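*Asks:* The following comprises the amino acid sequence and a computationally predicted model.
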Amino acid sequence: MTNPTVLVKDVQGRSLGQLAWLRFRRNRPAMAGTIMLALIALFSYLGPFFVPHNYDQVFSSYVTEPPSLSPRPDPASLEDVATSAAKRARVDLESFKVEKGAFTATITSKRPIDERTIRYFNRVNEFRNTEIKETAPDQLSMVLTGHVDQEYFPFGTDTNGRDLLVRVMLGGQISIAVGIAASLVSLGIGVIYGATSGYLGGRVDNIMMRIVEILYSLPFVFLVVVMVVFFGRSIVLIFIVIGAVQWLEMARIVRGQTLSLKRREFVGAAQALGLTDWQIIRRHIIPNTIGPVIVFVTVVVPHVILTESFLSFLGLGVQAPLASWGSLISEGAANIQGAPWLLIFPSIFFVLTLFSLNFVGDGLRDALDPKDR
């Protein structure tokens, strides 16, 4: 008889990152927040490519236009627009007709009509490509034809006649960029500073932490006002100011993690092998603080967005015609009675972004918790 052979299958283990990803995927609020953040980012960065308007394009005929899915202008109001254009050209509108996106207007005057009169019809947002179809022999009557330029404003327009949809997209670009850039600045400075301070300890740690406390004592708004006075308002300045403050809390968190890590066995083994302090910090301390740091970054990003919105609300943020969600909310709050949509739409995207970031942060905290491994 032959001995039965036992087939041993290779068992593939899962890394800590794969286990964390599995736990994160099972967290429905965190996944919903991730999907929502992706949709908001696509809306903000890819949306302007599918909208024909620019963020600084002014439609003088559609100031504080309410949101609507119907095209503008309203066909019933086109004759009034043509009458107003004829009045500015100092002629009379005898007849006006719209058919299949084109208009035909007959103008008359007691004096010979100049051919340059068509410029008054092209200057309004409702008409374009106006041409002279027929002119009377005495030039006292003229027939004009052109196209009716229809525009769509799903989010309405602001007090200057700019498309709010495009401005909300622009606000998302600036707010998200400020949040991510300032968080990366705080991440780069805070992690290295905190890990170095916690690992070296002693007098070096004492001096480095006193510097952090001194910087903490500086009033943030006063610092922003001073820098705006000296350097002017710009997006780069906002990156620098917010990043220069946010790294302080990051440094404290990383220092606390480092104080507990430097007593672990693997750090002692690295010291016994002759590694330098910087090599130990770079290879062992910083990688082992990534879990708490990633979770804290998801808290820093909404905090930075709130800070930038607060500065824009005070008028210290981005400068017109650029806009962030904070500046749009500030403008909407000032016109909430006459045009509430100016406040509603940027607030919706702002709140959705903050909630999504908080859900993602909670999901990462649970996924990276060593007690669940």
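*Replies:* Thanks, I have it.
*Asks:* rest of the way, CA atoms for contacts and neighbours
*Replies:* Will do.
*Asks:* ok but residue 97 is inside a helix, no?
*Replies:* No: judged by DSSP: H, G, I helix; E, B strand; the rest coil, residue 97 forms no part of a helix; its state is strand.
*Asks:* That one - how many residues pack around it?
*Replies:* Per other CA atoms under 10 Å, the neighbour tally for residue 97 reads 12.
*Asks:* Any figure for the gap between it and residue 333?
*Replies:* 41 Å (CA to CA, to the nearest Å).
*Asks:* With residue 132 instead?
*Replies:* Taken as CA to CA, the span from residue 132 to residue 333 is 46 Å.
*Asks:* looking at it, residue 135 is touching residue 142, isn't it?
*Replies:* Yes: between residue 135 and residue 142 there is a contact at 4.5 Å, judged by CA atoms under 8 Å.
*Asks:* Compare neighbour counts for these two and give me the winner.
*Replies:* residue 142 (24 against 16).
*Asks:* what about the helices in the stretch 1-150 of the chain?
*Replies:* 16-26, 28-46, 78-88, 118-122 (DSSP state H, counting those that start in this stretch).
*Asks:* counting contacts, what elements does the last one pack onto?
*Replies:* Translated: helix 118-122. Contacts defined by 3 or more CA pairs under 8 Å, 6 or more residues apart in numbering; DSSP states H and E place helix 118-122 against helix 78-88, strand 127-135.
*Asks:* hmm, try it at 7 Å
*Replies:* strand 127-135 (3 or more CA pairs under 7 Å, 6 or more residues apart in numbering; DSSP states H and E).
*Asks:* hang on, the earlier thing: out of the helices of the stretch 1-150 of the chain, which is closest to residue 320?
*Replies:* Closest to residue 320 of those, according to CA to CA: helix 28-46, at 18.2 Å.
*Asks:* which residues of the protein score low on pLDDT?
*Replies:* Filtered on pLDDT under 70, the chain yields the residue ranges 1-17, 232, 369-373.
*Asks:* Which segments of it make up each domain?
*Replies:* The chain breaks down by automatic domain parsing into domains covering 32-51+157-372, 72-150.
*Asks:* just those: most buried one?
*Replies:* domain 32-51+157-372 (a mean of 18; mean count of other CA atoms under 10 Å).
*Asks:* Distance from the chain centre to it, please.
*Replies:* Relative to the centre of its chain, domain 32-51+157-372 is centred 13 Å away, using CA atoms, centre = their mean, to the nearest Å.
*Asks:* Number the chain from 2, please
*Replies:* Right, with 2 as the first residue, what we last looked at is domain 33-52+158-373.
*Asks:* Which strands or helices does the longest helix belonging to the chain pack on?
*Replies:* In the chain, taking DSSP state H as the definition, the longest helix is helix 165-201. When contacts are defined as 3+ CA pairs under 7 Å, 6+ apart, helix 165-201 packs onto helix 29-47, helix 203-218, helix 236-262, helix 291-314, helix 326-335.
*Asks:* if you set the cut-off to 8 Å instead, what comes out?
*Replies:* helix 29-47, helix 203-218, helix 236-262, helix 287-289, helix 291-314, helix 326-335, helix 342-368.
*Asks:* Quick check: residue 173 touching residue 329?
*Replies:* No: Residue 173 is beyond contact range of residue 329, at 10.5 Å (criterion: CA under 8 Å).
*Asks:* got a list of what the spatially closest residue to residue 107 that is not a sequence neighbour touches?
*Replies:* Distances taken as CA to CA, 6 or more residues apart in numbering put residue 144 closest to residue 107, at 4.5 Å, once the chain neighbours are dropped. Residues near residue 144 by CA atoms under 8 Å, 6 or more residues apart in numbering: 105-108, 133-136.
*Asks:* Any chance of a markdown table for those residues, columns distance to residue 75?
*Replies:* Compiled in a markdown table, the contacts of residue 144 are given as follows (distance: CA to CA, whole Å):
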| residue | distance to residue 75 |
| --- | --- |
| 105 | 16 |
| 106 | 17 |
| 107 | 20 |
| 108 | 22 |
| 133 | 24 |
| 134 | 25 |
| 135 | 27 |
| 136 | 29 |
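*Asks:* I am finished for the moment; much appreciated.
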